[in-house]
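Chemist: sequence and predicted model, in that order:
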Amino acid sequence: MSTDMLLFQDALREMGEVEEWIEDMEAGNEDLIIAVLLTLLPELRTLRVKELPLNGVTFGVIQYIAEYKSTTMLSELEEVEILYDDDVESNGTLVIRPFAILPWMKKLSCSNFKQDWSPYAAESRMPLQMWNISELTITGNGPSSKNLFEILGGFKALKRFAYLELAASQDFDPFWIRAALVAYARHSLEHLIIQSPGAYKGQRCMGNLRGFERLRTLETEYKFLVEPDHCDVMYTAKYRHTVANALPRTLQELVLCGNGFDLHDQVGPSIHSLVEAKINGHLASLNKLEYRLFYTDSNGDDVEPPVFEDFDNLVATCKSQCITLTI
């Protein structure tokens with residue numbers, strides 16, 4: 001009997017009575033069927049699964065496979081996306097840890113990511129040296145920012161990181177994410193997305209991104225790049241260079257998001273400062289600039305955005321420096 005089959009049988013015994021397991025599978029239990037399929041697809045490269053209960057057979061089998069180094073099961077799996085409905089929270093690092101251990105894993109994505117305990121707890125501790133994972137996406141109402149700092153400490157070669165918070169959170173602080181990525185992925189990170197509706201209700205600056213050596217694309221909240229006292233239009237003279245100075249020299253594409261009513265008077269000055277930064281060589285590679293602004297009334301309903309009176313001039317200014325502008 002093959003080593004892989006012995007491993008699979010051991011996993012089943014850990015789940016309980018084998019006879020009951022077989023009966024459930026014959027009755028159409030999807031969890032059990034998926035578990036069997038995973039053991040029969042050694043060349044599987046991409047897996048997209050909706051919800052993954054920790055007490056399920058599928059998760060148990062994946063744990064066994066991840067911890068048993070001699071098996072060929074899932075040995076070529078490169079990309080995993082774990083989806084949870086809006087009303088179902090994942091279990092944070094407990095869910096993604098087994099996949100992160102797999103030798104050829106490159107892309108991990110988890111929605112409704114929730115981390116109520118320290119990622120340093122034994123049962124949820126991430127490996128300390130993960131050089132294989134190049135892309136990590138976390139979506140949800142999330143762990144605390146400090147927990148994210150701890151979680152990201154294990155990812156040593158990230159090329160792309162995306163954090164998409166779905167609801168406003170008073171605890172969210174992008175500073176900790178930026179600090180972790182600078183500490184652990186400054187030499188490798190090329191693409192960064194940090195989004196949070198909470199940015200519209202408060203002001204937290206993530207700090208500058210000049211420490212990244214290869215960052216080429218950035219999508220984030222406008223306010224995350226600006227110190228709070230520079231956001232008022234009365235500080236336009238001080239403010240003009242703030243966004244440009246926060247960015248690394250390697251940046252090619254920039255997407256800035258925010259409340260259009262709050263930022264309407266600041267878009268023009270920021271565009272001019274970014275163009276100036278390209279002219280003076282600080283952002284010599286910048287070729288795409290996009291502002292994703294939303295406009296809502298006091299009830300939260302979308303309203304018609306105001307017109308940028310000098311829009312054509314802004315577009316022409318950018319075009320003169322080979323920058324494509326979208327507002």
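Modeler: On my side now, so go ahead. Residues are numbered from 1 along each chain as shown.

Chemist: give the contact list for Lys288.
Modeler: The neighbours of Lys288, taking Cβ atoms under 8 Å, 6 or more residues apart in numbering as the test, are 252-254, 323-324, 326. Using the backbone N, CA and C atoms, a C-beta is placed for each residue, glycine as well.

Chemist: would you reformat those as JSON lines and include pLDDT, distance to Gly60 and neighbour count?
Modeler: Listed next are the contacts of Lys288 as JSON lines, based on pLDDT from 0 to 100; distance: Cβ to Cβ, whole Å; neighbours: other Cβ atoms under 10 Å:
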{"residue": "Gln252", "pLDDT": "98", "distance to Gly60": "44", "neighbour count": "15"}
{"residue": "Glu253", "pLDDT": "98", "distance to Gly60": "42", "neighbour count": "17"}
{"residue": "Leu254", "pLDDT": "98", "distance to Gly60": "44", "neighbour count": "22"}
{"residue": "Ile323", "pLDDT": "95", "distance to Gly60": "52", "neighbour count": "20"}
{"residue": "Thr324", "pLDDT": "96", "distance to Gly60": "50", "neighbour count": "12"}
{"residue": "Thr326", "pLDDT": "94", "distance to Gly60": "48", "neighbour count": "11"}
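
Chemist: now, those that are in strands?
Modeler: 253-254, 324, 326 (DSSP state E).

Chemist: and of those, the nearest to Pro174?
Modeler: Leu254 (15.8 Å; Cβ to Cβ).

Chemist: rewinding a little: would CSV of the contacts of Lys288 with distance to Thr71 be doable?
Modeler: As requested, these are arranged in CSV below (distance: Cβ to Cβ, whole Å):
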residue, distance to Thr71
Gln252, 42
Glu253, 41
Leu254, 44
Ile323, 51
Thr324, 49
Thr326, 49
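
Chemist: pick the one among these closest to Arg48.
Modeler: Glu253 (26.9 Å).

Chemist: just give me the residue right at the centre of the chain.
Modeler: What sits nearest the mean C-alpha location of the chain, by Cα atoms, centre = their mean, is Ala162, with 1.9 Å.

Chemist: just the ones in strands among the contacts of Lys288 now: which is nearest Val243?
Modeler: Leu254 (8.6 Å).

Chemist: the closest one and Trp131: what is the separation?
Modeler: Distance of Leu254 to Trp131, given as Cβ to Cβ, to the nearest Å: 29 Å.

Chemist: again, but for Leu52
Modeler: 25 Å.

Chemist: beta partners for the closest residue to His191 other than its chain neighbours?
Modeler: Using Cβ to Cβ, 6 or more residues apart in numbering and skipping residues adjacent in sequence, the residue nearest His191 is Arg160, 4.1 Å away. Residues in a beta bridge with Arg160, per DSSP bridges, are Glu135, His191.

Chemist: show me what contacts Arg160?
Modeler: 134-137, 189-192.

Chemist: go again using 10 Å as the cut-off
Modeler: 107, 134-137, 185, 188-193, 217 (Cβ atoms under 10 Å, 6 or more residues apart in numbering).

Chemist: buried ones among those residues?
Modeler: Among the contacts of Arg160, those scoring as buried are 107, 134-137, 185, 188-192 (criterion: 16 or more other Cβ atoms under 10 Å).

Chemist: just the pLDDT at Lys201, thanks.
Modeler: We have a pLDDT of 58 for Lys201.

Chemist: quick one: buried residues of the helix or strand where Val80 lies?
Modeler: Val80 belongs to strand 79-83 when assigned by DSSP states H and E. For strand 79-83, burial by neighbour count (16+ other Cβ under 10 Å) applies to 79-80, 82-83.

Chemist: one more: stretch 300-310?
Modeler: Phe308.

Chemist: over to stretch 26-37?
Modeler: 31-32, 34-35.

Chemist: tell me the mean pLDDT over it?
Modeler: 80.

Chemist: next: stretch 94-113.
Modeler: In the prediction, stretch 94-113 has an average pLDDT of 87.

Chemist: beyond the worst-scoring helix or strand of the chain on mean pLDDT, next helix or strand please.
Modeler: Lowest on mean pLDDT, DSSP states H and E among the helices and strands of the chain sits helix 236-239, with a mean of 45. The C-terminal neighbour of helix 236-239 among helices and strands, as given by DSSP H and E, is helix 242-245.
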